[in-house]
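Participant: need coordinates for the below:
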Amino acid sequence: MLADTDAGSIITAAQSGAQWGYRLLILQLALIPVLYVVQELTVRLGLATQRGHGELIWDTFGRGWAWLSVGTLCVACIGALLTQLSGIAGIAQLFGVPVIPTIGVTIAGIILMVWTGSYRSVERVAIAFGLFELAFLVVAWRSAPQLHQVAEQFLAVPLADPQYLYLAAANIGAVIMPWMVFYQQSAVLDKGLNLTDLRLARIDTAVGAVVTQLIMAAVLIATGAVLSSGGAGTKLDNVPQIAEALTPSLGYDVGRIVFAMGLAGAALVATVVVCLTAAWGLGEVAGYKRSLEHRPREAPWFYGIFSVILIAGGVLVTSDADLVKLSVAVQVMNALLLPLVLGFLFLLARKALTGKYRLSGWYAWLAGSLITVTSVFGVFAAASGLIG
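Facilitator: Model (predicted):
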């Protein structure tokens, strides 16, 4: 779930606070139960069926739907990977370090870690990276937001404004990501969990849903307090601008370091997760071995695809892309993909699960309602923002 608050999500939250103050804060809090329901269904499907998401779609709906779903996954993963590596490139620019060597060292380090480690070791390193995101909670606290301004803007939601809707869609796509569904279902399998672990896995998911949204809210509050406290919004165009907006209360040098640690942690953990997700998802429909418990010589396709995707992303990101616009656009794309991704998730929970684990009763109505409202509003907001 720490990977869910990736570099693109941090940048989207920062842009939201800068442009709209605290007016998108209500959405961050409203997405906590949605995020939990989506990922809880994912965990339940993995533990009960012992199948990955793409594999389960193949078993339940057929080969064509499985390839469509994994194709959607690959598009989302490519977009997400570009935002992660762009975030790392932005940090290099912040400190005046050459971008290409920085990206090269990052890619080499990640490949070495994944090729030589087990699932457990990779997970621990990724969590260590992700914990740096907690620095944003300190930044939000030190930004000293005015509570009366938070209260005034919290419910002041300008739903008729296309620019607001565009960022609302981006925030939805930054929280409910297609690749997170695939990743968590595959991860619980590679970790060796089963139905006896369901209770703890649910607690893990609930804690993660709250923490990831607190981080998003913290970034939004910090930029809102600094740049939009009076209600007049401003746009952020690059990573150094975001750093300047997030860290004035910490001092120039300390602020840049804290910001860099938070963004780097978000980008690194998400880079590992996104590449693993693509390699796992393709393996589920292509049929090759796909586990971190296998050595590279035992699962060459899995490790090869992981590495090729990562290297290709590094090559693409060394071009002069507009990081902020790219990051927000990728999250909007995620929102547009939600009906397909969440639709499959809901149907699988109804069809592939049996007995007490099947999605039924009041929880099925709740999950169906949350998924429908989130998907419809995400697509509506994205379309309105793009047309407007």
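
Participant: quick check: closest non-adjacent residue to the residue nearest the centre of the chain.
Facilitator: Centroid check for the chain by Cα atoms, centre = their mean gives Asp4 as the closest residue, at 2.9 Å. Ranked by Cβ to Cβ, 6 or more residues apart in numbering and with sequence neighbours excluded, the top spatial neighbour of Asp4 is Thr212, at 4.8 Å. In this view, the C-beta of every residue, glycine as well, is placed from N, C-alpha and C.

Participant: what are the buried residues along the host helix or strand of the one you found?
Facilitator: Thr212 belongs to helix 198-227 when assigned by DSSP states H and E. Buried residues in helix 198-227, counted by 16 or more other Cβ atoms under 10 Å: 198, 201-202, 204-206, 208-209, 211-227.

Participant: make sure Gln39 is actually in contact with Thr205.
Facilitator: Yes - using Cβ atoms under 8 Å, Gln39 is in contact with Thr205, at 4.9 Å.

Participant: identify the contacts common to those two.
Facilitator: Common neighbours of Gln39 and Thr205, using Cβ atoms under 8 Å, 6 or more residues apart in numbering, are Met1, Gln184.

Participant: and the residue nearest to Asp4, what does it touch?
Facilitator: Residues in contact with Thr212 (Cβ under 8 Å, 6+ apart) are Met1, Leu2, Asp4, Thr5, Leu35, Val175.

Participant: pLDDT at the second one, what is it?
Facilitator: Same thing as Leu2. pLDDT recorded at Leu2 is 73.

Participant: please apply the same query to the fourth one.
Facilitator: Looking at Thr5, its pLDDT reads 82.

Participant: now do the contacts for it.
Facilitator: Thr5 touches Gly130, Glu133, Thr212, Ile215, Met216, Ala266, counting by Cβ under 8 Å, 6+ apart.

Participant: pull the most distant pair out of these.
Facilitator: Greatest spacing in the contacts of Thr5, by Cβ to Cβ: Gly130 and Met216 (13.5 Å).

Participant: what's the mean pLDDT across the helix or strand that contains Gln185?
Facilitator: Applying DSSP H and E as the criterion places Gln185 in helix 178-190. For helix 178-190, mean pLDDT rounds to 88.

Participant: for that helix, packing partners?
Facilitator: Helix 178-190 is packed against helix 25-49, helix 53-61, helix 63-94, helix 119-130, helix 252-286, helix 323-351, with contacts defined by 3 or more Cβ pairs under 8 Å, 6 or more residues apart in numbering; DSSP states H and E.

Participant: and these: which comes nearest Phe306?
Facilitator: Per Cβ to Cβ, nearest to Phe306 of these: helix 252-286, 4.3 Å.

Participant: how far away from the center of its chain is the helix or strand following that closest one?
Facilitator: Sequence order places helix 300-317 as the next helix or strand after helix 252-286, per DSSP H and E. In this view, helix 300-317 has its centroid 19 Å away from the chain centroid, taken as Cα atoms, centre = their mean, to the nearest Å.

Participant: now do stretch 42-61
Facilitator: Averaging C-alpha positions (Cα atoms, centre = their mean) puts stretch 42-61 21 Å from its chain's average.

Participant: can I get that stretch as PDB, trimmed to CA atoms?
Facilitator: Extracted in PDB, the C-alpha atoms of stretch 42-61 (Å, rounded to 0.1, in the frame of the first residue of the first chain):
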ATOM      1  CA  THR A  42      -8.100  -8.700  -4.000                       C
ATOM      2  CA  VAL A  43      -6.600 -10.300  -1.000                       C
ATOM      3  CA  ARG A  44      -9.600 -12.600  -0.500                       C
ATOM      4  CA  LEU A  45      -9.500 -13.700  -4.200                       C
ATOM      5  CA  GLY A  46      -5.800 -14.500  -3.900                       C
ATOM      6  CA  LEU A  47      -5.900 -16.400  -0.700                       C
ATOM      7  CA  ALA A  48      -9.100 -18.400  -1.500                       C
ATOM      8  CA  THR A  49      -8.300 -19.400  -5.100                       C
ATOM      9  CA  GLN A  50      -4.400 -19.400  -4.900                       C
ATOM     10  CA  ARG A  51      -4.500 -17.800  -8.400                       C
ATOM     11  CA  GLY A  52      -3.200 -14.500  -9.600                       C
ATOM     12  CA  HIS A  53      -5.600 -11.900 -11.000                       C
ATOM     13  CA  GLY A  54      -5.000 -12.500 -14.700                       C
ATOM     14  CA  GLU A  55      -4.900 -16.200 -14.200                       C
ATOM     15  CA  LEU A  56      -8.200 -16.100 -12.400                       C
ATOM     16  CA  ILE A  57      -9.900 -14.000 -15.100                       C
ATOM     17  CA  TRP A  58      -8.700 -16.600 -17.700                       C
ATOM     18  CA  ASP A  59     -10.200 -19.500 -15.600                       C
ATOM     19  CA  THR A  60     -13.500 -17.600 -15.100                       C
ATOM     20  CA  PHE A  61     -14.100 -15.600 -18.200                       C
END
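
Participant: I appreciate the help and will end here.
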